[in-house]
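K.L.:
requesting a structural model of the entry that follows:
(one chain, ligands or ions: 1)
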Amino acid sequence: MADIIIAYGEYFQGRLHPASLEILTPLYEIAEKMKKRLVLLILSKDKEEIKNSPDLKKALCHEVWIVESSEFTGFKDDLYSRVVTEVVREKNSYGVFFPSTFQGLSLAPRIAGLLGVGLCAHVNAFELGEDKLLMLRPTYGENIMAKLYSTTLPIMATIALGAFPIREALQEPEFKEIRLSADFNWKSKIRLRKFISSKKEPNRLSVAKVVLAGGLGLKKRENFEKLQDLAKHLEAEVGVTRPLCYAGWMDEEHMIGVSGVTVRPKLYIGFGISGAIQHTSGMENSEFIIAVNTDKEAPLVKMAHLSLICDAGALLDALLKRLRV
Ligand SMILES: Cc1cc2nc3c(=O)[nH]c(=O)nc-3n(C[C@H](O)[C@H](O)[C@H](O)COP(=O)(O)OP(=O)(O)OC[C@H]3O[C@@H](n4cnc5c(N)ncnc54)[C@H](O)[C@@H]3O)c2cc1C
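P.N.:
Below you'll find the predicted structure:
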């Protein structure tokens with residue numbers, strides 16, 4: 001019987017991507033209800049590093065499985081997908097789930113192809129029916145939530161970034177080393193000649209405690225730069241609405257909403273954001289919401305805990321002036 005649920009843990013350059021822990025939150029509940037074991041699967045060149053990771057000692061899963069190989073330097077998607085497929089087949093898994101990180105999005109379709117099963121993308125909620133696991137995701141122009149179920153096993157899905165909060169386990173998971181069969185083909189077609197680290201800061205928007213978000217009401221790029229400046233002072237992360245991504249002011253990884261990242265910070269401040277449903281669905285669980293808008297009828301103003309009816313650019317000037325004194 002397929003009694004294992006596998007969550008893929010993205011471990012890259014000595015760091016576990018926090019989204020790997022986010023996806024454990026719903027999966028653990030599902031595993032407990034279905035009396036299955038939730039496993040976090042990690043591919044690493046150093047198993048001791050994994051065993052000693054403080055984040056993993058608190059991971060909300062029953063077991064952490066480590067496949068160790070010196071081949072796991074850089075990211076070789078052909079090899080990684082064959083390794084995960086081998087583990088999934090060998091262990092007769094009920095489900096395999098991936099965070100929507102760069103590795104997860106690359107591996108999930110490859111593995112679904114190798115296994116010949118369906119894949120549900122960008123899931124942001126689950127429901128456990130009588131005999132089915134339902135996966136919810138926005139569809140039809142992000143206007144409705146579709147409930148999907150898989151007709152093939154293992155069930156496979158990628159889970160939206162930030163859709164679930166990280167929860168810590170009460171007890172340490174069991175760490176196990178998984179060895180592949182002796183005839184496993186470790187060859188990759190990818191030759192890593194040189195690794196150049198991205199200069200971009202890692203995207204921590206989904207786990208940020210304070211989020212400053214900018215919308216079209218900022219009017220000028222110069223005002224958006226002031227918002228970025230204020231974020232540095234407050235150690236906050238910056239998010240945006242879709243029009244700002246389209247204007248090229250920020251990359252799409254920082255778009256908050258149904259087509260982007262879900263945030264749930266302690267404090268969210270929206271500067272010049274109307275509060276369209278496609279945006280608010282990605283921030284409505286923020287603990288304290290402040291809206292800065294010239295229109296007191298704007299939906300975000302109505303949903304906010306505190307609203308400042310004023311020009312967003314002028315407020316940014318005033319705040320920065322105060323912080324610099
Ligand atoms: C399929 C689909 C998916 C989408 N997905 C997303 C998504 O994931 N995320 C997302 O954000 N959007 C998404 N959108 C777009 C979304 O519908 C809205 O168009 C978008 O969120 C609006 O962005 P905005 O609030 O910046 O702009 P607007 O709606 O134009 O709002 C600008 C606001 O600024 C205020 N304002 C004007 N001047 C000032 C000033 N001087 N100072 C302060 N405030 C001022 C205005 O009163 C207004 O409320 C999606 C749309 C579709 C169709």
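K.L.:
so who does Asp251 touch?
P.N.:
Cys245 (CB atoms under 8 Å, 6 or more residues apart in numbering). Just so you know, the C-beta spots here come from the backbone N, C-alpha and C atoms, and that holds for glycine as well.
K.L.:
for it, phi and psi?
P.N.:
phi -80, psi 160 (degrees, to the nearest 10).
K.L.:
what does the pLDDT read for it?
P.N.:
Looking at Asp251, its pLDDT reads 92.
K.L.:
and it, how close does it get to His122?
P.N.:
Separation of Asp251 from His122 (CB to CB, to the nearest Å) stands at 18 Å.
K.L.:
now do the helices in this protein.
P.N.:
19-22, 24-34, 47-51, 54-57, 77-90, 102-115, 221-234, 242-246, 277-280, 299-303, 312-324 (DSSP state H).
K.L.:
where in the stretch 101-250 of the chain is pLDDT low?
P.N.:
Within the stretch 101-250 of the chain, the segments meeting pLDDT under 70 span 142, 202.
K.L.:
the chain against the ligand: which residues are in contact?
P.N.:
Residues of the chain lying close to the ligand by CB under 6 Å from any ligand atom are 141-142, 215-217, 219, 241-243, 255-260, 272-274, 276, 278-279, 282, 292-295, 298, 311-312.
K.L.:
most packed of the helices of the chain?
P.N.:
helix 19-22 (a mean of 26; mean count of other CB atoms under 10 Å).
K.L.:
same question for that one, mean pLDDT?
P.N.:
95.
K.L.:
which secondary structure elements does that helix sit against?
P.N.:
strand 4-9, strand 93-99 (3 or more CB pairs under 8 Å, 6 or more residues apart in numbering; DSSP states H and E).
K.L.:
measure the most centrally placed residue in the chain to Lys209 for me?
P.N.:
Centroid-nearest residue in the chain, with CA atoms, centre = their mean: Leu161, separated by 2.2 Å. Leu161 sits 16 Å away from Lys209, going by CB to CB.
K.L.:
domain ranges for the protein, per the record?
P.N.:
4-177, 205-324 (the TED database).
K.L.:
end-to-end on the first one?
P.N.:
Here the two ends of domain 4-177 are set 16 Å apart, with distance taken as CA to CA, to the nearest Å.
K.L.:
I figured Lys296 hits Ile309, correct?
P.N.:
Yes. When contacts are counted by CB atoms under 8 Å, Lys296 is listed as touching Ile309 (5.1 Å).
K.L.:
my read is that Ser81 contacts Ala112, right?
P.N.:
No. Taking contacts as CB under 8 Å, Ser81 lies outside contact range of Ala112: 9.6 Å.
K.L.:
how many neighbouring residues does Ala146 have?
P.N.:
Neighbours of Ala146 under the rule other CB atoms under 10 Å: 12.
K.L.:
beta partners of the nearest residue in space to Leu56 that is not next to it in sequence?
P.N.:
Sequence neighbours aside, Val64 is the residue nearest to Leu56 in space, at 5.7 Å (criterion: CB to CB, 6 or more residues apart in numbering). In this entry, Val64 is beta-bridged to Leu40, Phe175, by DSSP bridges.
K.L.:
mind listing what Ile289 touches?
P.N.:
Applying CB under 8 Å, 6+ apart, the residues contacting Ile289 are 268-270, 283, 300, 303-306.
K.L.:
apologies, that question was intended for Arg110.
P.N.:
Contacts of Arg110 (CB under 8 Å, 6+ apart): 77-78, 81.
K.L.:
swap in 10 Å and give it another go.
P.N.:
77-78, 80-82, 84-85, 119 (CB atoms under 10 Å, 6 or more residues apart in numbering).
K.L.:
what's the answer for Thr151, then?
P.N.:
Thr151 touches 117-118, 132, counting by CB under 10 Å, 6+ apart.
K.L.:
spatially nearest residue to Phe184 (excluding sequence neighbours)?
P.N.:
Glu86 (6.3 Å).
K.L.:
quick one: which of the residues of the chain next to the ligand sit in strands?
P.N.:
Residues from the residues of the chain next to the ligand lying in strands, with DSSP state E as the criterion: 292-293.
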